[in-house]
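Student: Okay, here's the prediction I keep looking at, along with the sequence it came from:
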Amino acid sequence: MDQGYLNLETLWFALIGVLWIGYFFLEGFDFGVGILLPFIGRDEVDRRILVNTIGPVWDGNEVWLIVAGGATFAAFPEWYATLFSGFYLALFLILAALIFRGVAFEFRGKDKHPEWARWWDRAIFWGSAVPALLWGVAWANILQGVPIDANKEFVGTFFDLLNPYALLGGVTSLLLFTLHGGVFVALKTDTELQLRARRAAKVLALPATVSVLGFLTWTFVNARGNDGVVPGVVPISALIAVAAVEWLLREKLDGWAFVATGLSIVLITATIFLNLYPRVMPSSITEANDLTIWNAASTHYTLTVMTVVAAIFTPIVLLYQGWTYWVFRKRIRRADAEGGSGSPGLGAGPAGDGEAPSPA
Amino acid sequence: MDAFDLARWQFAITTIFHFFFVPLSIGLAFITAIMQTAWYRTKDPAYLRMTRFWGKLFLINFALGVVTGIVQEFQFGMNWSTYSRFVGDIFGAPLAIEGLLAFFLESTFLGLWIFGWNRLPPRIHLATIWLVAIGTGLSAFFILAANAWMQHPVGYEINPETGRAELQDIMAMLTNVTAWSHFAHTMLAALLTGGMFVIGVSAYHLRRKQETVIFRRSMTIALVISLFASLGVAFSGHFQAQLVAQQQPMKTASAEALWETEQGAGFSLFAVGDVENGRNHINIQLPNMLSVLTTNTWNGEVRGINDIQAEYERRFGPGSYIPVVGVIYWTFRLMVGAGLLMILISVVGLWLLRKGTLEDATWYLRLAPFAIALPYLANSTGWIMTEMGRQPWVVFGVMLTRDALSTSVGAGFVLTTLIGFTVIYGLLSVVDVYLLSRFARSEPPEVTEPSAEPALVY
């Protein structure tokens, strides 16, 4: 079998990696906004501003996950089958959380009763926090290896997934996404809310850095026993990036701080994929049972078809999603939002004409 | 109940629930786009108010379609992992393509549409809602192509070494006549769902003489759409029925409770079956009509359940290849009945409109809101018939549903998630119906220009 890097199996492994990187980078900050909602949203206007910072984009961000799922099904059906039947209850919890969270954005402003918005805010918080934690748990487990038998079936239990390394992975993703969201809010709002977001991010920066350091060190120790790529410079850069956030925020370089949190998420996800390669789901029972890009993949024909489709449409998608961020690049200003004292349909005037946040 | 039954119930509940929202989303996307186009062309503020009113209902409904759709993408791996391993080479591709082509398009441009009223030039903003509508159509095509492959597998081979189905020809899959027949029937049904919804809600307001300009225009657009769509659904349905008679004769025979092969078979109107003994106690028929409908000839042969069962036992080995005949028979009749009623409602409504007496026809305006239930009945029963009629196969003639289950997932897990999804979906449907009915009965927003927008949308 072709063991070089120039093959469709490697390409699709990389593409799925890119989809997860995109998903964690994008939905990472909108999870963070949801988690911070009850803490930095002091009144209804604040909370509406927070929801509106991600309003136009959260759904598009979530599609990265759906496409990652679909691409895994198409390119590595055995991986898709083993992963989702194996991580059954964890996936159910994630799906339930994403369901409540998604409708909450659309529904929270649809009724005037004060308790109505409160309940949907709870849905946004839990719907963001649960997946932010569980994605880290899931990926740490994938990388560490779970019990997989010779028939490529998961033979562990739900509690096997709750081991210390995986829980550290979960804490890391939770902290990192929350930090990423805090910096994002600092970029997208003004006045008190912006200050609170920056303060929250500063508080989170140190625990996030410690957590990343712990997770990456443990990953490195684990990695020495396997045949994956051990990418020294990538995790080290991830650590440097997250360690710089506190300082960047102190210097009021919010744009650069966002680049740093984003980079850290991107590079940690990349570390996981590099370390896995060419395995997709190592077995903790024996190496012989590992799912790899070779024994989990679709046929060459299917991979070719998928490659052609992806080559044509991925650039188009990136172009219009990028354009959306450009259209909604402006800050949401409290003064504009208060134009209608927080009730829909009253606030007139152009929405936010401030400067675009830039990494400068 | 074992894990198999529970997993089937779970798929049925999550999928029917998902498809409860999808057709209205597709239909309203197109109707909203048409109204916004009318506003863009005429600059008449009434059309803008219509766009905002129906657009809001579209969004409430769309949210549930999206979140229940996420489950669809993952549940094949969760409960049906053996199926996923077996067909992933074929079945995964349309799902991935659907995500890349349709979901990104819908979600991104929907965000632009909701939040972009005063940030995008009117022409670009109009384009965003059309792109959303096109996205819903693309999504429908790819998922129906995947389903059509399960109904009528083409362009594949079974690899004797791995025992897996492998894709040989993607074009055969995408040009599968079953897929296009599904697509035409489903898209027209979605437009009809949107049409009947707008008719019902407009009738509610017209009866109360509220905002008559807005709702008269909405009603007119919806009646025209519904007439074409309901007739189109009937014709495409007829075509599809003939296709099913060739591809899955067992489904046709079950839908007609036709036990023995007959020449000049009658179309059953009411039957009481005796499944044990493979016959009917009572069967009231329109003579020769089934032969006419399925073969286009007066005395054409239509094969019966008992004959097909005997043939399948020879071909596939011992076992029952008969679906639950009673369910197939009655869901088919409910679907067709609801469809015919919708044609009638559209024709009568247009006739009253032409006479100029629609707004005084209290009986019509009073009944029309109840007719909103009809497309939902037809959509659900149609899919129950299509999917249950394929049983015991998950991929017709290739893989039995019983062999498709996840082997590593116990009944307790399936039961847990079955209860979980049912409770969540139940709660959300209560909220959705509450919001839809409240906003449907509210007055359209007072907007004259799109720039009079709040800074915050959500």
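Tutor: Received it, and whenever you're ready, just let me know what you need. Fair warning: this is a prediction, and the values are worked out from it, not measured in the lab. Numbers count the residues shown, from 1 in each chain, chains lettered A, B, ... in the order given.
Student: How about whichever residue of chain A sits closest to chain B, nearest residue that isn't a chain neighbour?
Tutor: When you check chain A against chain B by Cβ to the nearest Cβ, the closest residue turns out to be A:P77, at 2.1 Å. Quick note: C-beta positions are derived from backbone N, CA and C, even for glycine. If you skip the residues right next to it in sequence, A:P77 has B:G88 as its closest partner in space, 2.1 Å away by Cβ to Cβ, 6 or more residues apart in numbering or on different chains.
Student: Hmm, A:A81 and that neighbour touching each other?
Tutor: Yes. With contacts counted by Cβ atoms under 8 Å, B:G88 reaches A:A81, the gap being 7.0 Å.
Student: Outline the domain layout of chain B.
Tutor: According to automatic domain parsing, chain B is divided into the following domains: B:3-248+B:323-441, B:249-322.
Student: from these, which stretch is densest packed?
Tutor: Using mean count of other Cβ atoms under 10 Å in any protein chain shown, the stretch among these with the largest mean neighbour count is domain B:3-248+B:323-441, at a mean of 20.
Student: Name the residue of chain B that lies nearest to chain A.
Tutor: Minimum separation of chain B from chain A (Cβ to the nearest Cβ) falls at B:G88, amounting to 2.1 Å.
Student: what's the following helix or strand after the helix or strand that residue falls within?
Tutor: Assigned by DSSP states H and E, B:G88 falls within helix B:81-97. The helix or strand immediately downstream of helix B:81-97 is helix B:104-115, counting by DSSP H and E.
Student: Check what contacts that next one and list those residues.
Tutor: Under the contact criterion Cβ atoms under 8 Å, 6 or more residues apart in numbering or on different chains, helix B:104-115 has outside partners A:55-57, A:59-60, A:62-63, A:67, A:317, A:320-321, A:324, A:327-328, B:55, B:59, B:62, B:66, B:120, B:125, B:128-129, B:131-132, B:134-136, B:138-139, B:457.
Student: I'd like to know which elements the helix or strand harbouring B:L6 is packed against.
Tutor: B:L6 is part of helix B:3-42 when elements are defined by DSSP H and E. Helix B:3-42 is packed against helix B:45-79, helix B:122-151, helix B:177-207, helix B:212-247, helix B:373-388, helix B:411-441, with contacts defined by 3 or more Cβ pairs under 8 Å, 6 or more residues apart in numbering or on different chains; DSSP states H and E.
Student: how about the ones you listed in TSV, adding mean pLDDT and distance to B:L400?
Tutor: As requested, the helices and strands packed on helix B:3-42 are arranged in TSV below (pLDDT from 0 to 100; distance: least, Cβ to Cβ, whole Å):
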stretch	mean pLDDT	distance to B:L400
helix B:45-79	93	15
helix B:122-151	96	12
helix B:177-207	97	20
helix B:212-247	95	18
helix B:373-388	96	14
helix B:411-441	93	18
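Student: and the lowest-mean-pLDDT helix or strand in chain A with chain B, contact?
Tutor: Of all helical and strand segments in chain A, the minimum by mean pLDDT, DSSP states H and E falls on helix A:334-337, at a mean of 82. Yes. Counting by Cβ under 8 Å from any Cβ of the partner chain, contacts between helix A:334-337 and chain B involve A:D336, A:A337.
Student: would you list every one of the helices in the stretch 251-400 of chain B?
Tutor: Using DSSP state H, counting those that start in this stretch, the helices of the stretch 251-400 of chain B run over residues B:289-295, B:305-316, B:325-355, B:362-367, B:373-388.
Student: Select, out of those, the one closest to A:G169.
Tutor: helix B:373-388 (39.1 Å; Cβ to Cβ).
Student: would you put the C-alpha positions of that closest one in CSV?
Tutor: Only the C-alpha atoms of helix B:373-388 are listed here, as CSV (Å, rounded to 0.1, in the frame of the first residue of the first chain):
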residue,chain,number,x,y,z
ALA,B,373,-52.9,20.3,8.8
LEU,B,374,-53.3,18.6,5.4
PRO,B,375,-49.8,19.0,3.9
TYR,B,376,-48.3,17.8,7.2
LEU,B,377,-50.5,14.7,7.1
ALA,B,378,-49.6,14.1,3.5
ASN,B,379,-45.9,14.7,4.0
SER,B,380,-45.6,12.4,7.0
THR,B,381,-47.8,9.6,5.7
GLY,B,382,-46.0,9.7,2.3
TRP,B,383,-42.7,9.1,4.0
ILE,B,384,-44.0,6.5,6.4
MET,B,385,-45.4,4.6,3.3
THR,B,386,-42.1,5.0,1.4
GLU,B,387,-39.8,3.9,4.2
MET,B,388,-42.0,1.2,5.8
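Student: Check which helix or strand the closest residue to A:E246 other than its chain neighbours maps to.
Tutor: On the basis of Cβ to Cβ, 6+ apart, the spatially nearest residue to A:E246 that is not a chain neighbour turns out to be A:A205, at 3.9 Å. Here A:A205 is covered by helix A:191-223, with elements defined by DSSP H and E.
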